[in-house]
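Novice: here's a sequence, model it:
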Amino acid sequence: APVALASTLYSLSSPYRQLGRHEAALKALHASLALRREHLSMHHIDTVDTLQRMSNVFLEASNYRGARRCAWQVLVVRHAGFGPYHGGVATALACLATVFRVGKRFVRARTYYELAIECYTDLIGLAWNSKIVQGLQQQLDEVKREAIVSTAAQLHSSSGGKYWLSPSKSEPLVQPPWQY
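Specialist: Okay, here's the model as predicted:
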């Protein structure tokens, strides 16, 4: 009956999550995870799914450290269980990239998006024009733009307004012409 209880707790996290009650959702997920680790194993798909959902709830609650810790565990377990040539590993890489992106850690987000794309295309053999790869490429492009905008805002703020970003948001930082 512990496995059934773990499943019930996992399911119970969904309505809490939908209501924005992240603490209650995480409490149910923590209890589910403990039962699943004890009675199934760390590598069981239900245990890994619980970790993935915990990462998502942490992310929704703006707890980037918790989200990153869970997403990292998902990646490690999937890699250990499936090896590097598996869609679950590529998905875990993409999820970790998203955690870094939302946490405004753009360099790491870029790295993990690139690894996810490489895993899907080079290791698994997914076509470059597949919806999954195209979606990841779009997210990678957005991360690159967000990194430029973030850097520009920091530079603008720290320079007392001396530097600004062009309206296209894709061109490099420039000084306004009257500042030369």
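Novice: in the helix or strand harbouring Ala67, what counts as buried?
Specialist: Using DSSP states H and E, Ala67 falls within helix 64-82. Buried positions in helix 64-82, judged by neighbour count with 16 or more other CB atoms under 10 Å: 64, 66-68, 70-75, 77-78, 81. C-beta: built from backbone N, CA, C; applies to glycine.
Novice: likewise for stretch 35-53?
Specialist: Leu35, Arg36, Arg37, Leu40, His44, Asp46, Thr47, Val48, Thr50, Leu51, Gln52, Arg53.
Novice: ok, now how distant is the fourth one from Gly88?
Specialist: Using CB to CB, to the nearest Å, Leu40 is found at 17 Å from Gly88.
Novice: circling back: in JSON lines: the buried residues of helix 64-82, plus pLDDT and distance to Ser7.
Specialist: Listed next are these as JSON lines, based on pLDDT from 0 to 100; distance: CB to CB, whole Å:
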{"residue": "Tyr64", "pLDDT": "95", "distance to Ser7": "28"}
{"residue": "Gly66", "pLDDT": "97", "distance to Ser7": "22"}
{"residue": "Ala67", "pLDDT": "97", "distance to Ser7": "23"}
{"residue": "Arg68", "pLDDT": "96", "distance to Ser7": "26"}
{"residue": "Cys70", "pLDDT": "97", "distance to Ser7": "19"}
{"residue": "Ala71", "pLDDT": "96", "distance to Ser7": "22"}
{"residue": "Trp72", "pLDDT": "96", "distance to Ser7": "24"}
{"residue": "Gln73", "pLDDT": "96", "distance to Ser7": "20"}
{"residue": "Val74", "pLDDT": "96", "distance to Ser7": "19"}
{"residue": "Leu75", "pLDDT": "95", "distance to Ser7": "24"}
{"residue": "Val77", "pLDDT": "95", "distance to Ser7": "19"}
{"residue": "Arg78", "pLDDT": "94", "distance to Ser7": "21"}
{"residue": "Gly81", "pLDDT": "91", "distance to Ser7": "20"}
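Novice: buried set for stretch 109-129?
Specialist: So for stretch 109-129, counting by 16+ other CB under 10 Å, buried means 109-117, 119-121, 123-124, 126.
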